[in-house]
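Q: how does the following fold in three dimensions:
(one chain, ligands or ions: 2)
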Amino acid sequence: TQSTRPQRLLAAVQKNATRGDPRSVVLAIDQFCRQKEWAMNVGDEKGCILDSVVSEVNPGAVLELGTYCGYSAVRIACLLPPHGKIITLEFNPDNAAIARQVIAWAGLEEKIQLVVGASGDWIPKIKEQFGVKTFDLVFLDHWKDRYLPDTKLMEECGLLREGSILLADNVICPGTPDYLEYIRNSPRYKSQYFKSHLEYTKVEDGLEKSVFLG
Ligand SMILES: O=C(NC/C=C/[C@H]1O[C@@H](n2cnc(C(F)(F)F)c2)[C@H](O)[C@@H]1O)c1cc([N+](=O)[O-])cc(O)c1O
Ligand SMILES: [Mg+2]
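A: Ligands and ions are numbered 1, 2, ... in the order given. Just a heads-up that it's a prediction; the model follows:
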């Protein structure tokens, strides 16, 4: 029976990365995606921008929407301060199963809490379920038509505080026009665009970094 792309990506990690070495996991995925098979990880170029934002924010609590195979969860988790944690939401149980194994290979199970389900169901429950007050950083990388409704839901559920940072992938390609329009015109956010390229390609894409002003 035919394997899936996430299964082939996991096999490349288990073949080429060192157990317990998160950076070797990141490198193995980027090499697999450049040399063998494109996959929708944030990738190495935008990943460097993500790294610099994570290092600058030095977040105790991170929320990621869209785990996929766990590439960005691993990339973020290895930059967190000692008690920092990331909660990452994944809708597709098959993707979640692969991501768990990628996260385990990196040795980051203690830092990364993977939750399977829909954002609309989970965002209202996160505070009580995980004892989180607010998030210092949110990385949006899930379905592009969910960025705006989920941002509004996070506001309504009090998951953002003055100074919380939202970092959104793919604001150019595939694009998140309604999210960009909202976040750039809202008096409650200060936004900055980081121009880059779609992972593993020369196509323009970028990350939008927005500070919630409260
Ligand atoms: O479609 C793209 N990404 C969609 C990503 C989708 C991933 O996010 C999960 N999810 C859905 N809801 C939730 C939550 F959190 F709500 F529960 C999590 C989905 O199951 C999937 O694994 C994409 C496409 C391209 N591209 O070039 O086509 C490039 C990229 O970087 C991309 O991110
Ligand atoms: Mg993306």
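Q: touching the least confident helix or strand in the chain by mean pLDDT from outside, list them.
A: Every helix and strand of the chain was ranked by mean pLDDT, DSSP states H and E. The lowest is helix 126-130, at a mean of 94. Residues outside helix 126-130 that contact it (C-beta atoms under 8 Å, 6 or more residues apart in numbering): Leu63, Ile87, Gln113, Trp122, Val132, Lys133, Cys157, Gly158, Leu159. Where C-beta positions appear, they are placed from N, C-alpha and C, glycine not excepted.
Q: now do the helix or strand that it is followed by: distance to the chain's middle.
A: Following helix 126-130 in sequence order, the next helix or strand is strand 135-140 (DSSP states H and E). A distance of 8 Å separates the centroid of the chain from that of strand 135-140, by C-alpha atoms, centre = their mean, to the nearest Å.
Q: then strand 135-140 to PDB, C-alphas only?
A: Written as PDB, here are the backbone C-alpha positions of strand 135-140 (Å, rounded to 0.1, in the frame of the first residue of the first chain):
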ATOM      1  CA  PHE A 135      -0.100  33.400  25.100                       C
ATOM      2  CA  ASP A 136       3.100  35.400  24.600                       C
ATOM      3  CA  LEU A 137       3.300  34.200  21.000                       C
ATOM      4  CA  VAL A 138       0.800  32.600  18.500                       C
ATOM      5  CA  PHE A 139       2.100  31.100  15.200                       C
ATOM      6  CA  LEU A 140      -0.700  30.800  12.600                       C
END
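Q: partner strands of it, parallel or antiparallel?
A: strand 61-65 (parallel), strand 160-168 (parallel) (DSSP bridges).
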